[in-house]
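J.: Give me a 3D structure for the following:
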Amino acid sequence: MIELYYSPGACSFVPHVGLEMVREATGQTFEAKLIKLHRGEHRTPEYLAINPEGQVPTLVIDGKVLTQIVSMCDFLDRSHPQVGLLPADHWARAQALSTLAWFNNTAHPTFTHVFMPNKFAETDACQAEVKRLGRDRYLELLTRINGMLAARSGSFWLGEKLSVLDAYALTLLRWGSIAGIDPESLPAYHAYVQGVAQAKPVAEAIERERLQLNMFRKA
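T.: Model (predicted):
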């Protein structure tokens, strides 16, 4: 029995897509459990008993708890190697995990400075500066990803095979639109995400989470 605790639009979208890939390939089902962050459900005693960090995603596999996206993707891939959530070749797998970790430990925290500046400063003026600098840095990172994608061939990050990297890359661009970055200003990245969103496991996760990919609003 696999349970995924997720919140719409959060980084939990990554294992969500991974589980949809597993289900499509093997028939292995999972239970998606919605955590409403805006209502503070991640801070309830019941949820903190599962994940003391009060974060999503959390995977519960046969009663055992697993946290952190990179470990979840690694576990799901090793448990279902026939699905191909990550490459089978050792070097290619290491490179994919390196990119996944970079998404998770560099790009993701940079967006946190934009979305939650109160975590890094107290006064309104300082929070505004944190948010501005975070947005500038986040745009640099998305621009770097746009360049990576422009130099690649194939519909997905790893060529013609959907992987968990695609789910994270999609999430990061969607967050960029929330930060006030027009996705269309990153043409290779924008076109890539439009294609990724059409893949069945991705589309299933988008539908369950009721996501709008582009949240950018022109001033």
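J.: Tell me how far the closest residue to Glu31 other than its chain neighbours lies from Ile61.
T.: Using Cβ to Cβ, 6 or more residues apart in numbering and skipping residues adjacent in sequence, the residue nearest Glu31 is Glu3, 4.8 Å away. No exception for glycine: its C-beta is placed from N, CA and C like everyone else's. In this view, Glu3 and Ile61 are 8 Å apart by Cβ to Cβ, to the nearest Å.
J.: One more: Lys119?
T.: 30 Å.
J.: just for this structure, where's the confidence low?
T.: 219 (pLDDT under 70).
J.: List the buried residues in the lengthiest helix in it.
T.: Assignment by DSSP state H gives helix 124-150 as the longest helix of the chain. Within helix 124-150, the residues that count as buried by 16 or more other Cβ atoms under 10 Å are 127, 130-131, 134-135, 137-139, 141-142, 145-146, 149.
J.: Secondary structure element holding the residue nearest to Ala32 when sequence neighbours are not counted?
T.: Nearest residue to Ala32, sequence neighbours excluded (Cβ to Cβ, 6+ apart): Leu4, at 5.3 Å. Using DSSP states H and E, the element containing Leu4 is strand 2-6.
J.: residues in contact with that strand?
T.: Strand 2-6 is touched from outside by 12-13, 15-16, 19, 28-35, 47, 50-51, 56-61, 209, with contacts defined as Cβ atoms under 8 Å, 6 or more residues apart in numbering.
J.: at 7 Å instead, please
T.: Contact partners of strand 2-6, identified using Cβ atoms under 7 Å, 6 or more residues apart in numbering, comprise 12, 15-16, 19, 30-35, 56-61.
J.: ok, now stretch 165-182?
T.: Residues contacting stretch 165-182 (Cβ under 7 Å, 6+ apart): 9, 11, 13-14, 17-18, 96, 99-100, 103, 107, 111, 114, 135, 138-139, 142, 145, 156-158, 183, 189, 193, 196-197, 202, 213-216.
J.: could I have the helix or strand hosting Leu48 exported to CSV, CA atoms only?
T.: Using DSSP H and E, Leu48 falls within helix 45-50. Provided in CSV are the C-alpha atoms of helix 45-50 (Å, rounded to 0.1, in the frame of the first residue of the first chain):
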residue,chain,number,x,y,z
PRO,A,45,-0.4,17.0,15.3
GLU,A,46,-1.6,14.2,13.1
TYR,A,47,0.5,15.2,10.2
LEU,A,48,3.6,16.1,12.2
ALA,A,49,3.4,12.6,13.7
ILE,A,50,4.0,11.4,10.1
